[in-house]
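# Below is the structure, and that's it, no one-letter string:
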């Protein structure tokens, strides 16, 4: 198992009760990028009978956390922005793909696009992380 996979799968996801509760599946892990997937359940919907915005946000936030830590430096979120493009419904399978767009000694910036099972863009998330300088012990 590559170091970035060990960090994401063993050190992060295995200890992340919330991502597990969401039902997030890790599809792929590369340096600076991950692909995640999850299915929206009825208890994740709001009064409009669509997925609560926090669900898409949370999937993207997990993608941000996982992808930003693949370099072996513990990184934490400092700022995010989310745009909700299309409604997400119960039973929808949401795929999140992160892309590292900038990395420096102290900060990293990532773009996460989320698509439904039909390939329709449903949300876009932009996040900035602070790189603490602490190494993951692998």
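Thanks, I have the structure now. The shown structure was predicted, so the numbers you read here are calculated from the model rather than taken from an experiment.
# which strand is the longest one in this structure?
Taking DSSP state E as the assignment, the strand of the chain that covers the most residues is strand 121-135.
# Tell me the helices and strands packed up against it.
The contact analysis (3 or more C-beta pairs under 8 Å, 6 or more residues apart in numbering; DSSP states H and E) places strand 121-135 against helix 53-68, strand 73-84, strand 107-115. C-beta here means a position set from N, CA and C on the backbone, and glycine is covered the same way.
# what's the offset of that strand from the middle of its chain?
Chain-centre distance of strand 121-135: 8 Å, with C-alpha atoms, centre = their mean, to the nearest Å.
# Can you list the strands that it pairs with?
When pairing is defined by DSSP bridges, strand 121-135 lines up against strand 73-84 (antiparallel), strand 107-115 (antiparallel).
# quick one: residue 51 and residue 84 touch, right?
No: taking C-beta atoms under 8 Å as the definition, residue 51 is not a contact partner of residue 84, at 9.3 Å.
# Compare the two and say which is more crowded by neighbours.
Counted by other C-beta atoms under 10 Å, residue 51 and residue 84 do not tie: residue 51 has more neighbours, with 23 against 16.
# How confident was the prediction at the more buried one?
Note on residue 51: pLDDT of 98.
# mind listing what it touches?
With C-beta atoms under 8 Å, 6 or more residues apart in numbering as the criterion, the residues that contact residue 51 are 40, 44, 45, 87, 88, 89, 90, 92.
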